[in-house]
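# Structure of the sequence below:
(one chain, ligands or ions: 1)
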Amino acid sequence: MVDGRLASSRVGVLGSGQVGQRLAAGFHSRGHEVMIGSRDPAKPELAEWLSGDGAGVKAGTFADTAKHGELLVLAVLGDAAEQVIADAHPENFGGKVVIDAMNPLDFSSGFPPKLSISGEDSLGERVQRALPDGRVVKAFNTIGNPFFVDPGFSEGKPTMLIAGDDKHAKQTVNDVLADFGWSDVFDIGGIEGSRELEAICIAWVKIGGARGAWDHAFKLLVG
Ligand SMILES: NC(=O)c1ccc[n+]([C@@H]2O[C@H](COP(=O)([O-])OP(=O)(O)OC[C@H]3O[C@@H](n4cnc5c(N)ncnc54)[C@H](OP(=O)(O)O)[C@@H]3O)[C@@H](O)[C@H]2O)c1
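Predicted coordinates for the structure are as follows:
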């Protein structure tokens, strides 16, 4: 069940791609003070976004952004995540809720991608190990970014699957999701659940390839 709402706070979104921009704009629209992080915060495509859909969001380095946020989001290329955490300084994540929206995708053999981390490990677990004092919650990785905020589908509301070790951090993420318009959130357990959530991303991508469209999402039906 989802409660909500998250008290106004400083949010740091590490990653300036589609996912980072979508989440940064979502947090800003809900009244939070948002910084978006990039290796190059002055790059022209980011400046253009900041003067349009991203108006009101500030940009900084990964370290600036991790320092700024009371709540942090990791939204970079999965294979760059550990480098980005190192660049952002792990001590800047201490005690904070860290939403991991990433997938470890390997496109080296073309489409569909494979997982670059699988079996008895996952990117979510690697992120938690890299941030022993961070409270990591996997979320947003099983749906396309256009549906992160105010998800609307003709067949109803989708289910957001989350995983993480810290129950208070997961409550905070529930509050974020409630603010973002999610009424159905299912917590599958500890951060090792990232193994399944990251694999679900591959199924989501294959479905998109088969349909030739990307406006699909998963819904948990019970009873
Ligand atoms: N696209 C979706 O709808 C979707 C949905 C759910 C989850 N995801 C996951 O969310 C994450 C972000 O996806 P995305 O589509 O926004 O973009 P992306 O192209 O996977 O990543 C963009 C971000 O990653 C950073 N980055 C890329 N290579 C890097 C490197 N070598 N070192 C450091 N940073 C690097 C970029 O930093 P700079 O700003 O410095 O260039 C940029 O901020 C991915 O893990 C993806 O699998 C995507």
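
# what's the spacing between residue 72 and the ligand?
14 Å (C-beta to the nearest ligand atom, to the nearest Å). Placement of C-beta: from N, CA and C, glycine included.

# Return the set of residues that bridge with that residue.
residue 12, residue 98 (DSSP bridges).

# What count of nearby residues applies to the residue lying closest to residue 119 once chain neighbours are set aside?
Leaving aside its sequence neighbours, residue 119 sits nearest to residue 195 (C-beta to C-beta, 6 or more residues apart in numbering; 7.8 Å). Residue 195 sits with 20 neighbouring residues when counted by other C-beta atoms under 10 Å.

# Do I have it right that residue 195 meets residue 122?
Yes. Judged on C-beta atoms under 8 Å, residue 195 makes contact with residue 122 at a distance of 4.4 Å.

# The residue in the chain that the ligand sits nearest to - how many residues pack around it?
Of all residues in the chain, residue 17 sits closest to the ligand, at 2.6 Å by C-beta to the nearest ligand atom. Counted with other C-beta under 10 Å, residues neighbouring residue 17 total 14.

# for the protein, what spans make up the strands?
10-14, 33-37, 58-60, 71-74, 97-100, 105-106, 114-115, 135-138, 160-164, 185-187 (DSSP state E).

# Verify the contact between the residue of the chain closest to the ligand and residue 76 for me.
Yes. Checked against C-beta under 8 Å, the pair residue 17 and residue 76 is within contact range at 7.4 Å.

# Please give the centre-to-centre distance between the helix ranked longest in the chain and its chain.
Criterion DSSP state H: the longest helix present in the chain is helix 194-211. In this view, helix 194-211 has its centroid 15 Å away from the chain centroid, taken as C-alpha atoms, centre = their mean, to the nearest Å.
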